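> give me a model of this one.
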Amino acid sequence: YVDGKIKETSGVMIFSAGQTRDRRLLLRLSSGEERIVDHLITATGYRIDIRKLPFLHEDLLQDIAVEESGYGLFPRLDRHFESSLPGLFCAGPL
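Numbering: from 1, shown residues only. Below is the predicted model of the structure:
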């Protein structure tokens with residue numbers, strides 16, 4: 001979860017996706033789980049690395065708290081998507 005707001009599921013494949021009667025998505029996952037969702041964001045194996053953003057100066061990058069996972073190096077965000085650098089918000093997969 002992103003501070004209890006967004007559920008993240010990793011390490012699974014989407015076997016099928018269809019539309020429900022109320023226009024939501026019904027997903028069938030490789031884990032055997034079925035899930036109904038409003039929105040879906042997928043990743044394709046790209047490894048995120050905040051240190052490689054060309055538009056952030058290295059001095060700024062030193063002030064941004066990060067979290068490392070199997071998918072890369074991410075900025076640590078609060079429930080409003082603000083980084084540890086006040087005023088710097090991040091949305092989407094970096």
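> tally of neighbours for C90?
For C90, the tally of surrounding residues (other Cβ atoms under 10 Å) stands at 16. The C-beta positions use only the backbone N, C-alpha and C, and glycine is treated the same way.
> which residues touch it?
By Cβ atoms under 8 Å, 6 or more residues apart in numbering, C90 lies in contact with P75, L77, F81, S83.
> now render those as CSV, adding neighbour count.
Below are the contacts of C90 laid out as CSV (neighbours: other Cβ atoms under 10 Å):
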residue, neighbour count
P75, 22
L77, 18
F81, 16
S83, 20
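> now, which of those sits nearest H39?
F81 (15.1 Å; Cβ to Cβ).
> now for the residue lying closest to E82 once chain neighbours are set aside: which residues touch it?
Nearest non-adjacent residue to E82, counting by Cβ to Cβ, 6 or more residues apart in numbering: F89, 5.2 Å away. Neighbouring residues of F89 by Cβ under 8 Å, 6+ apart: H80, F81, E82, S83.
> who does the closest residue to V37 other than its chain neighbours bridge with?
Using Cβ to Cβ, 6+ apart and skipping residues adjacent in sequence, the residue nearest V37 is L25, 5.0 Å away. L25 has these beta-bridge partners by DSSP bridges: Q19, V37.
> count the neighbours of L25 for me.
L25: 15 surrounding residues under other Cβ under 10 Å.
> next, the distance between the ends of stretch 46-53.
End-to-end span of stretch 46-53 (Cα to Cα, to the nearest Å): 14 Å.
> oh, that last question was meant for stretch 68-81, not what I typed.
Stretch 68-81 stretches 17 Å from its first residue to its last (Cα to Cα).
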